[in-house]
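Peer 1: My questions are about this predicted structure, shown below with the sequence.
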Amino acid sequence: MGGHSHWAGIKHKKAVVDAKRGKIFTKIIKEITIAAKLGGGDADSNPRLRTAIEAAKNANMPQDNIKRAIMRGTGQLPGTNYEDITYEGYGPCGIAILIEITTDNKNRSFSEIRKIMETRGGNIGTSGCVSWIFEKKGYITVERGEINEEKLMDLAIELGAEDFKSSQKFYEIITLPDNFEAVRGGLESKKIKINTAEITMLPKNEVKVDRDKAKQVIDLMNALEDHDDVKNVYSNFDIPDEVLAELDECCLLYTSPSPRDLSTSRMPSSA
């Protein structure tokens, strides 16, 4: 997966840092609100809402916060009007970047995302310029050593997985989006500890990034993910695991403030 599993692990560590400063709550509340607005407030019949609520619980978000976000989405409480937008562009070494945002002000968001890209060696492209490179898939990882590889592969395929890969630290299970819940649920029913489970966009081709450009690529990815409006960032970079590990040790858990953090740093948050 071109470093996808290692990057997923790095994002998990970053999420822990973000949770400590409350940043992740803001993003999850937005996702719950828009999921409820688009698909209704019943998690059993709204997969997107169900996933958002699970993310909220994993981040230890209070139940009252979840309930209020749902009620804002369904119109039972007044709230901000959010919309989903996807930006496409290129980063250092010509890597493709797909950025999913949830915003209440698309002009502000576009300006800030464009600045992040341009100051870190990237640029925003036209709609459709890189989206063709990615496919929507279910993606599950299990740490090596958690279970025998052959046993896990047989179980995953039996549950409906589309593909199975083995990387340096993880077993990677790829599914069609419609089969994701069945595969994840089946693994959990067997008491298999899952490291990552998400519906994501996997690249069909990859761009190799050498050691000299690796930090610039990761800095750009981190800066985009740190922005309050960004929900997901996908790319097709291929950085060797050992280089990612080195960067992880020295600097990846640093999270710089977003432009809006800087502009409102003197004021108490109303979130």
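Peer 2: All right, it came through fine.
Peer 1: and the protein, what are its domains?
Peer 2: The chain breaks down by automatic domain parsing into domains covering 4-74, 83-132+205-255, 134-203.
Peer 1: For the ones you listed, give me JSON lines that also has mean neighbour count and mean pLDDT.
Peer 2: Just so you know, the C-beta spots here come from the backbone N, C-alpha and C atoms, and that holds for glycine as well. JSON lines is the format used below for the domains of the chain (neighbours: other Cβ atoms under 10 Å; pLDDT from 0 to 100):
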{"stretch": "domain 4-74", "mean neighbour count": "18", "mean pLDDT": "82"}
{"stretch": "domain 83-132+205-255", "mean neighbour count": "18", "mean pLDDT": "89"}
{"stretch": "domain 134-203", "mean neighbour count": "17", "mean pLDDT": "92"}
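Peer 1: Which elements pack onto the helix or strand hosting residue 24?
Peer 2: Counting by DSSP states H and E, the element that carries residue 24 is helix 23-39. Counting contacts by 3 or more Cβ pairs under 8 Å, 6 or more residues apart in numbering; DSSP states H and E, helix 23-39 packs against helix 4-20, helix 47-58, helix 63-74, strand 96-103, strand 230-235.
Peer 1: Moving C-terminal from the third one, which element do we reach first?
Peer 2: The one in question is helix 63-74. strand 83-90.
Peer 1: What are the contacting residues of that next one?
Peer 2: 34, 96-104, 106, 109-110, 113, 117, 122-131, 231 (Cβ atoms under 8 Å, 6 or more residues apart in numbering).
Peer 1: Now do the helix holding residue 24 against helix 47-58, angle only.
Peer 2: With axes from the mean of the first three to the mean of the last three Cα atoms, to 10 degrees as the basis, helix 23-39 and helix 47-58 are set at 160 degrees to each other.
Peer 1: Can you give the contact residues for helix 23-39?
Peer 2: Helix 23-39 has contacts (Cβ under 8 Å, 6+ apart) with 15, 18-19, 45-49, 51-53, 55-56, 59, 61, 65-66, 69-75, 79-80, 82-84, 102, 226, 228-231, 255, 271.
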